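Colleague: Pasting a predicted model and its sequence here:
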Amino acid sequence: MPDAIHGTDRRPLVVGTSLFDYADQVSAAVPMSCRRTGRCRECVVEVRQGAERLSPRTEPEFYLAGGFRLACQAHIEDDEGDVEFAIIRRRLRILGPSDVPITDIDPVVTLDEHAVRYAGQPIDLPRAHVLGLAIDIGTTTVVFQLIDLLTGRPIGGAALENPQRFGGSDVMTRISYEQDYPGAMRAALRRALNHELRDLYRALGVDRHEVYEAMIVANSTMRDLFFDLDIAPIGQSPYRSITEQAMRDGAEATTWLRRRGHEVGLLMHPHGRVVGAPLVASHVGADIAADLVAVDFAAGSGIRMLVDIGTNTEVVVTDGTRILAASCPAGPAFEGGLIRFGMPGADGAIETVSLQGDEFAFETIGATAPTGICGSGLVDILAELRRRDWMNTEGRFHEGLDELTIAPEQGITFSRSDASLLAQAKAANACGQRILLRRLGVTAEQVDQVYLAGGFANAINIPNAIAIGLLAPVPVDRVRRVGNAALNGAAALLLSSRRRDALQAMVDRIEHVELETEPDFFELFVDGCRFVPIAA
C-alpha cells in the first residue's frame, strides 16, 4: 500500500488527510501558531516525491513554488503512490559562543539608578535585566544568543534551519525569488525568529522589553534582506549591497546598519536598536567581519588564514601587513542541500563514517536511527571511498556502480550524482584558498595558523578534508577550530563599542579579490573538482 514518508517513518496514505496530520502521527514537530488555518505560514514542508497526489495550492500558499507546500493546506487526493516530505524548519544542534562571560566590555546600553540608556540617552526606566541578542543569520541555519549586557554572561539561545529555503538554496536564487515575491522570505524569517525568541523568553522568565539591542551578522544578502533593503544589486555585477555602493559614492561613511526594534519587527524593546555589522565587500559579508573579531585577526602574527565554510564560503588571509578576502560560491551541498539524503546537523544525521571491510560504519547526532547525512559525514564518505579506491579522482565509483548503500536498514545511499555536486562545491573552496595564498606569495606549508569557522567546519575530520581537497594542505597541528566564530564575534560586538571601532578600522584595510577575474580561474576550478589535495 502506498505510504506518506517523513525521513524513515512511513504511514499508509489516506485520502483527505493533510501532511500536518502525518507529521503528527510520526511525532515530527511542524512549526505552527495559527491552529492550522494557513495564516501563520510557518508549516512549510518540502515535498520530495508525489506532489501530484496532493490537493491544489490554496491562497495562503501563493508564494511557494516547486515542491514547497504548507503542511496544513496540502491534503492527499490520490492514494496510488508514495508521498515523501521533509520539514524545513528544524531545531539544530547548537554551536554557540563560549559559556565563559566576556569580561572586557563597554556596551552601548548601560544602566544607572535613573534609566536604561542607549549611547547615554535614556530609553527606559530601570529594569531587572538589561539584555541583548547576538544573531547569526546563515543561508542554511540561524543561531542566536541572549546575553546579559551588564555582565557579558550568555543566558540562553537556540539554532534553527533557516525557513527561507523555499526561496532557493543559495543567495543568488533567493535574490531572484525576492523580485517575484517581495517580503515573503523576510516575513518567514521574522516569524521563525520571534517564535523561537518567545519560547526562550518564556522559559527564562524574561520580558521582551528587557532586550535593548540586537547585533545582526550575516552574509551581504541575508543581512540586507533582514533589514528590508533592496538586494537586487547584490545579484548583478559588481555584486554590491546598496550600503556598500553608498559608501563608495561618498553618501555614507560606513556600511553599518541601525534600526529600532519595531522597525524590523523583532521581538524586543520596540525602541531598542537592531544593528547590522559592517560588510567587508561584495559577497564577503558581516558574518566574516564578525569571524575576524572573534579570532582577533588583526592582532595576530605570522601568516594566517580564516576559512568559513558554508553555502557561500569565505576565505581571508594575511601576512601581518596585507589582508586579502574572497567569496567562494560553494552552494549548499556540504550543508546537505541538493544531496539525496543530505541534511543539516540535526538529530539523526550521520556525522562520522568509516569503511569496515565492505560495509559502512557510522555514528549519528543524538545517537538515534539515521535519517540522512550531514556535511561531516559526506566528507568522511568521500575520503573513505578514495582511500579504498572505491572512487577515482573524478568521482566515478568502482565496478561501474551509480550508488553505494550507507545505511541499509533505512535505505540511505550515496550516489555519483551526490559526489559530482560535492566536487563542484569543493572546487569553489579550493579556488578561494589557492588564489588568495598565491596572491599573497605564500604556499600552504608556510601558513602558521588556519582558523576553521562555522558549524560544519567544527565537525569535519580535518585530515579527511585535506585529503579530498576541501582544505589547503596546511599541517594539521596548525589548524584551529573556532566554532561559530560569527556568533562569537556578534556577541563581542554587542558588548563593546571599542571592538566596533576596531572592526571598522580593519574592514577599511581589507583587499577584496574577485576570484573569477583570475586569468586561470576556469582551469583552477576544473582541477579543484578532482578529489585530490589542493596543489600547494
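Modeller: Right, received. Where do you want to start? Small disclaimer: the values here were computed from a predicted structure and weren't measured. Residues are numbered from 1 along each chain as shown.
Colleague: Secondary structure class of the spatially closest residue to residue 320 that is not a sequence neighbour, three-state.
Modeller: Leaving out its chain neighbours, the residue that sits closest to residue 320 by CB to CB, 6 or more residues apart in numbering is residue 301, at 6.1 Å. Backbone N, C-alpha and C define where each C-beta goes, glycine included. Under DSSP: H, G, I helix; E, B strand; the rest coil, residue 301 falls in the coil class.
Colleague: and residue 301, how many neighbours?
Modeller: Residues contacting residue 301 under the criterion other CB atoms under 10 Å number 10.
Colleague: Surely it and residue 319 touch.
Modeller: No: the pair residue 301 / residue 319 is not scored as a contact, 10.0 Å apart, by CB atoms under 8 Å.
Colleague: Helices of the stretch 401-536 of the chain, residue ranges please.
Modeller: 416-440, 455-459, 462-467, 485-494, 497-507, 521-528 (DSSP state H, counting those that start in this stretch).
Colleague: who wins for proximity to residue 193 among the ones you listed?
Modeller: Comparison of the helices of the stretch 401-536 of the chain against residue 193 by CB to CB identifies helix 485-494 as nearest, at 14.1 Å.
Colleague: per-residue confidence at residue 94?
Modeller: Among the per-residue scores, residue 94 shows a pLDDT of 56.
Colleague: repeat for residue 328
Modeller: 92.
Colleague: What about the nearest residue to it once chain neighbours are set aside, how many residues nearby?
Modeller: Leaving aside its sequence neighbours, residue 328 sits nearest to residue 432 (CB to CB, 6+ apart; 3.8 Å). Neighbour count of residue 432, defined by other CB under 10 Å: 27.
Colleague: Quick one: residues contacting residue 432.
Modeller: 313, 314, 315, 326, 327, 328, 515 (CB atoms under 8 Å, 6 or more residues apart in numbering).
Colleague: Tell me the spacing between residue 322 and residue 304.
Modeller: Distance of residue 322 to residue 304, computed by CB to CB, to the nearest Å: 12 Å.
Colleague: Compare those two (neighbour count), which wins?
Modeller: With neighbours defined as other CB under 10 Å, residue 322 and residue 304 compare such that residue 304 has more, 21 against 13.
Colleague: Make sure that one is actually in contact with residue 448.
Modeller: Yes: at 6.3 Å, residue 304 counts as touching residue 448 under the criterion of CB under 8 Å.
Colleague: now the helices for the stretch 1-150 of the chain?
Modeller: Using DSSP H, counting those that start in this stretch, helices in the stretch 1-150 of the chain cover 19-25.
Colleague: low pLDDT regions in it?
Modeller: By pLDDT under 70, the weakly predicted segments of the stretch 1-150 of the chain are 1, 3, 7-8, 89-101.
Colleague: Per-residue pLDDT of the closest residue to residue 309 other than its chain neighbours, please?
Modeller: The shortest distance from residue 309 to any non-neighbouring residue, by CB to CB, 6+ apart, is to residue 457 (4.8 Å). Residue 457 carries a pLDDT value of 82.
Colleague: How many residues are close by residue 457?
Modeller: 29.
Colleague: Buried residues of stretch 462-473, list them for me.
Modeller: Neighbour counts using 16 or more other CB atoms under 10 Å place 462, 464, 465, 466, 467, 468, 469, 470, 471, 472, 473 of stretch 462-473 among the buried residues.
Colleague: Likewise for stretch 75-86?
Modeller: 75, 76, 79, 82, 83, 84, 85, 86.
Colleague: Which members of those residues are the farthest-apart pair?
Modeller: Longest span within these, CB to CB: 79 and 86, 20.2 Å.
Colleague: Ramachandran coordinates for the spatially most central residue of the chain?
Modeller: Compute the mean C-alpha point of the chain, and by CA atoms, centre = their mean the closest residue is residue 138, 3.3 Å away. In this entry, residue 138 is assigned phi and psi values of phi -100, psi 170 (degrees, to the nearest 10).
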